[in-house]
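[1] Build the 3D model from these lines:
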Amino acid sequence: MKSHTEYLTFNTRQREEFVNITRQVEETVRKSGVQEGMALVSAMHITAAVYVNDAESGLIEDIKEWLRELAPKKNYRHHQTGEDNGEAHLKNLILHHQVIVPVTKGKLDFGPWQQVYYAEFDGQRSKRVIVKVMGE
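    Numbers count the residues shown, from 1 in each chain. Sure thing, here's the model as predicted:
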C-alpha cells in the first residue's frame, strides 16, 4: 500500500473564513500516484473544521448562520482561561475536524456538487491541514 502526506497552510484574513481546498486535495492525490484508495483530510487545529458539501455561496452563508445560532458568541467558561474563542471550539465539534474521500482511478470520487472545505473559526494566523492519501 502507498501512502503520501502533505500539509496545507492557511493564513486567513478574517477570524471566520471558509476556504474551498478541493484543488489542493486533488493535486495531493495526483502527486501520490494512488489509483484506488482514500484521502484523509484533517484540520490540525481544534478551532477549525473540514467538511464536504456544495460550493454555493448562499449555502455557505446558511452554514455560517446555522453555526452562529448553535454556538453563539457569549461568555463561555473556556474564556476564564484567558481565551476568547469558546464558540470556535464548539463549531469544530458541530462540523468535525476531518473527512475521508474515496479515490477511484486516481481521482477524488465525489458526487456532482461535492467539494472539500476548510472552515476556520479562530483565524488570522497560520493554520494547517494534513492530507494523507493511502491506497494502491
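
[2] which ones are touching the nearest residue to Asp54 once chain neighbours are set aside?
    Of all residues not flanking Asp54 in the chain, Trp113 sits nearest, at 4.5 Å (CB to CB, 6 or more residues apart in numbering). Where you see a C-beta, it was placed from the backbone N, CA and C, and this is true even at glycine. Neighbouring residues of Trp113 by CB atoms under 8 Å, 6 or more residues apart in numbering: Asp54, Ala55, Glu56.

[3] Give me the buried entries from these.
    Among the contacts of Trp113, not one counts as buried by 16 or more other CB atoms under 10 Å.

[4] Out of those residues, which comes closest to Ala48?
    Ala55 (18.1 Å; CB to CB).

[5] Of the contacts of Trp113, which belong to strands?
    Asp54 (DSSP state E).

[6] For the protein, which residue occupies the most central location?
    Residue closest to the mean C-alpha point of the chain, counted by CA atoms, centre = their mean, is Val50 at 2.0 Å.

[7] helix or strand right after the strand or helix carrying that one?
    Assigned by DSSP states H and E, Val50 belongs to strand 48-54. Helices and strands here follow DSSP H and E; after strand 48-54, the next one along the chain is helix 57-70.

[8] buried stuff in stretch 72-83?
    Tyr76.

[9] quick one on the thing from earlier: could you spell out the sheet neighbours of the strand holding Val50, each with its direction?
    Paired neighbours of strand 48-54 in the sheet (DSSP bridges): strand 114-120 (antiparallel).
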